[in-house]
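Asker: next input, structure requested:
(chains A and B)
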There are 2 protein chains.
Amino acid sequence: MRGLTTIGFDADDTLWHSERVFRLTEERFAALLADYVDSEGLSQRLLETERRNLDFYGFGRKGFVLSMIETAIDVTDGKVPTSVLKDLIDLGRDMAAHPIEILPNVRETLHEVAERYRILLITKGDLLDQEQKLARSGLGELFQAVEIVSDKSPATYQRIFARHGDGPERSVMVGNSLKSDVVPAIEAGGWGIFIPHPLTWALEHVEAPMHAPRFRQIERIGELPALLASIES
Amino acid sequence: MRGLTTIGFDADDTLWHSERVFRLTEERFAALLADYVDSEGLSQRLLETERRNLDFYGFGRKGFVLSMIETAIDVTDGKVPTSVLKDLIDLGRDMAAHPIEILPNVRETLHEVAERYRILLITKGDLLDQEQKLARSGLGELFQAVEIVSDKSPATYQRIFARHGDGPERSVMVGNSLKSDVVPAIEAGGWGIFIPHPLTWALEHVEAPMHAPRFRQIERIGELPALLASIES
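Answerer: Residues are numbered from 1 along each chain as shown, chains lettered A, B, ... in the order given. You can find the predicted model right below:
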């Protein structure tokens, strides 16, 4: 086999915490509605709204806020005060201002991997949000290219690994989402390395492709250099 | 001078109508609020909210809907019924579903220009929205590359024309926004061709760079091939 040349990294919950901010916001959403509606089942209702809206809003903070507003109106039969809806808009602003918390060993691992491979950042979500998070992370200059995409399909990985690397066959995608990072990269002909994160959005869950020869799982990003060496040996 | 090789096109209100959909939505917004607030000054209030939110939301439909909701709550001192706010969310969905109306002569002109030059689409706005509009326009396969960006600065054009062309010096940007398309492309060292559109968002207005040697203005996109030929002669 010709060797690997290109490593793609997911961003949210692979390089830095993200879902934690959504969960925190969702707790504040439930607290704001506590006087008007039973919190039982509220999370499920919000998730249903998000799922229904995915084709209209895509991924990211603005769509999440719009889904919170819609859910708040629906679950209260319209009785939610508009002051609470303004608070939900403010929650969205707080999310944007939330400090970036880089996951352990990310910086060292990226530096080490960047010495041997081209490294790419491949992320979905709101364009502006993702750019601002990357800028604040201080990790930007490590990446040869940054691709912010609306969806992560096999065709997405084909295109990105062809444009910035030597095609998917010589590329690896690393991320915490089986659905978005691992499975489509493998379907595109590349390697998919899964690093589970304790919090992962319910809409990102799929079965692990346990029998795919190019599937690997590690528990921490710090294990990545050794895993890449073992793949190449 | 070495010749031009690369032509960048803005999308909204350069290739297809867009601001018209925002204006129509704004009229429906005013109609929905007509029972609660004087429509006098409403448009100005909405614009102020949009301007204030630009750093949080960037450009595009989702931020526009969030700004409409916020303005509706503010101008009615919170008295707007939540049913109206749900209608505003629906207006955002209607915007996404609005058919693409390609401007006159766009298709023929792009075909003609693409025979001699590499052509790029360079647009800002919601990632998903812009991708969906391009897909529905049927123009996608004409472009060598599509760049959806959060902002259009001189650095943006430097980067894009270096990546997909031979640098800004041999590139032209064509668009209806002096602020986003024309002035920053000229500042990056390229040519900026302004095609005014009767509706242009107030936040996109700046002075025309009348004395810049690489500034040109035409009234219709159909005049572009002749203009490019005259620049090169």
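Asker: only C-alpha atoms for contact and neighbour calcs from this point on.
Answerer: Fine.
Asker: quick one: contacts for the nearest residue to A:T200 once chain neighbours are set aside?
Answerer: Residue nearest to A:T200 in three dimensions, not counting chain neighbours: A:E19, with 6.4 Å by Cα to Cα, 6 or more residues apart in numbering or on different chains. Shown in contact with A:E19 (Cα atoms under 8 Å, 6 or more residues apart in numbering or on different chains): A:D12, A:D13, A:L199, A:T200, A:W201.
Asker: phi, psi of A:V84?
Answerer: phi -70, psi -40 (degrees, to the nearest 10).
Asker: tally of neighbours for it?
Answerer: 16 (other Cα atoms under 10 Å in any protein chain shown).
Asker: quick check: it vs chain B, distance?
Answerer: Per Cα to the nearest Cα, to the nearest Å, A:V84 is found 10 Å from chain B.
Asker: next: A:L103.
Answerer: Counting by Cα to the nearest Cα, the gap from A:L103 to chain B is 24 Å.
Asker: got phi/psi on the residue nearest to A:T200?
Answerer: On the backbone of A:E19 - angles per degrees, to the nearest 10 - the values are phi -60, psi -30.
Asker: related to what we said a few turns ago, now the contacts of A:E19: which count as buried?
Answerer: A:D12, A:D13, A:T200 (16 or more other Cα atoms under 10 Å in any protein chain shown).
Asker: list the contacts for the last one?
Answerer: When contacts are counted by Cα under 8 Å, 6+ apart, A:T200 is found next to A:D13, A:E19, A:N176, A:S177.
Asker: give the helix, strand or coil label for it.
Answerer: Secondary structure for A:T200, judged by DSSP: H, G, I helix; E, B strand; the rest coil, is coil.
Asker: so it versus chain B, what's the distance?
Answerer: From A:T200 to chain B the distance is 22 Å (Cα to the nearest Cα).
Asker: give me the pLDDT value at that residue.
Answerer: On pLDDT, A:T200 comes in at 79.
Asker: which stretches in chain A count as strands?
Answerer: A:6-9, A:118-124, A:145-149, A:171-175, A:191-194, A:215-217 (DSSP state E).
Asker: please name whichever of the ones you listed is nearest to B:P81.
Answerer: Nearest to B:P81 among those is strand A:118-124; the distance by Cα to Cα comes to 34.5 Å.
Asker: just checking, what packs against that closest one?
Answerer: strand A:6-9, strand A:145-149 (3 or more Cα pairs under 8 Å, 6 or more residues apart in numbering or on different chains; DSSP states H and E).
Asker: mind telling me which of those the model trusts least?
Answerer: Among those, strand A:145-149 scores lowest, with a mean of 93.
Asker: one step back: of all the helices and strands packed on strand A:118-124, which one is nearest A:V65?
Answerer: Per Cα to Cα, nearest to A:V65 of the helices and strands packed on strand A:118-124: strand A:145-149, 20.0 Å.
Asker: that older thread, ok, of the contacts of A:E19, which one's closest to B:V37?
Answerer: Using Cα to Cα, A:W201 comes nearest to B:V37 of the contacts of A:E19, at 40.5 Å.
Asker: any idea how far B:T82 is from the residue with the largest distance to the centre of chain A?
Answerer: No residue in chain A sits farther from the centre than A:K79, which is 33.9 Å out by Cα atoms, centre = their mean. A:K79 sits 7 Å away from B:T82, going by Cα to Cα, to the nearest Å.
Asker: from A:I186, how far out is A:Q158?
Answerer: Distance from A:Q158 to A:I186, by Cα to Cα: 10 Å.
Asker: check A:L32 too.
Answerer: 42 Å.
Asker: got it, and A:L128?
Answerer: Counting by Cα to Cα, the gap from A:L128 to A:I186 is 28 Å.
Asker: got the residues of chain A near chain B?
Answerer: Selection of chain A residues close to chain B by Cα under 8 Å from any Cα of the partner chain yields A:56-58, A:62-63, A:66, A:70, A:73, A:78-83, A:86, A:89, A:93, A:96, A:126-128, A:149-150.
Asker: that older thread, A:L32 and A:I186: who's more crowded?
Answerer: It is A:I186, of A:L32 and A:I186, that has more neighbours when counted by other Cα under 10 Å, with 24 against 17.
Asker: not counting sequence-adjacent ones, nearest residue to the more buried one?
Answerer: The shortest distance from A:I186 to any non-neighbouring residue, by Cα to Cα, 6+ apart, is to A:G192 (5.5 Å).
Asker: excluding chain neighbours, give the residue nearest to the residue farthest from the centre of chain A in space.
Answerer: Nearest non-adjacent residue to A:K79 (Cα to Cα, 6+ apart): A:I73, at 6.9 Å.
Asker: can you count the residues close to that neighbour?
Answerer: A:I73 has 20 nearby residues by other Cα under 10 Å.
Asker: A:D166 now?
Answerer: 14.
Asker: ok, now A:S233?
Answerer: 8.
Asker: give me the pLDDT for it.
Answerer: pLDDT, A:S233: 86.
Asker: where in chain A is pLDDT low?
Answerer: A:1 (pLDDT under 70).
Asker: all the helices of it, in order from the start?
Answerer: Remark: helices assigned in chain A by DSSP state H are A:19-33, A:42-57, A:61-75, A:82-97, A:106-116, A:127-137, A:154-164, A:183-187, A:224-232.
Asker: what touches both of A:K79 and B:T82?
Answerer: A:I73.
Asker: domains in chain A, by residue range?
Answerer: Domain ranges of chain A: A:6-16+A:100-232, A:19-97, per automatic domain parsing.
Asker: and of the ones you listed, who's closest to B:T5?
Answerer: Evaluated over those, closeness to B:T5 peaks at domain A:6-16+A:100-232, with 20.0 Å, by Cα to Cα.
Asker: got the helices of chain A as JSON lines, with distance to B:V182 columns?
Answerer: JSON lines is the format used below for the helices of chain A (distance: least, Cα to Cα, whole Å):
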{"stretch": "helix A:19-33", "distance to B:V182": "38"}
{"stretch": "helix A:42-57", "distance to B:V182": "30"}
{"stretch": "helix A:61-75", "distance to B:V182": "29"}
{"stretch": "helix A:82-97", "distance to B:V182": "30"}
{"stretch": "helix A:106-116", "distance to B:V182": "37"}
{"stretch": "helix A:127-137", "distance to B:V182": "22"}
{"stretch": "helix A:154-164", "distance to B:V182": "28"}
{"stretch": "helix A:183-187", "distance to B:V182": "38"}
{"stretch": "helix A:224-232", "distance to B:V182": "45"}
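Asker: which one, of those, ends up nearest to B:H205?
Answerer: helix A:127-137 (21.6 Å).
Asker: re the thing from before, of the helices and strands packed on strand A:118-124, which stretch is the most buried?
Answerer: Greatest average neighbour count among the helices and strands packed on strand A:118-124 goes to strand A:6-9 (a mean of 26), per mean count of other Cα atoms under 10 Å in any protein chain shown.
Asker: count of neighbours near A:V206?
Answerer: Around A:V206 there are 12 residues (other Cα under 10 Å).
Asker: hmm, it is touching A:L178, no?
Answerer: Yes. The pair A:V206 / A:L178 is scored as a contact, 6.2 Å apart, by Cα atoms under 8 Å.
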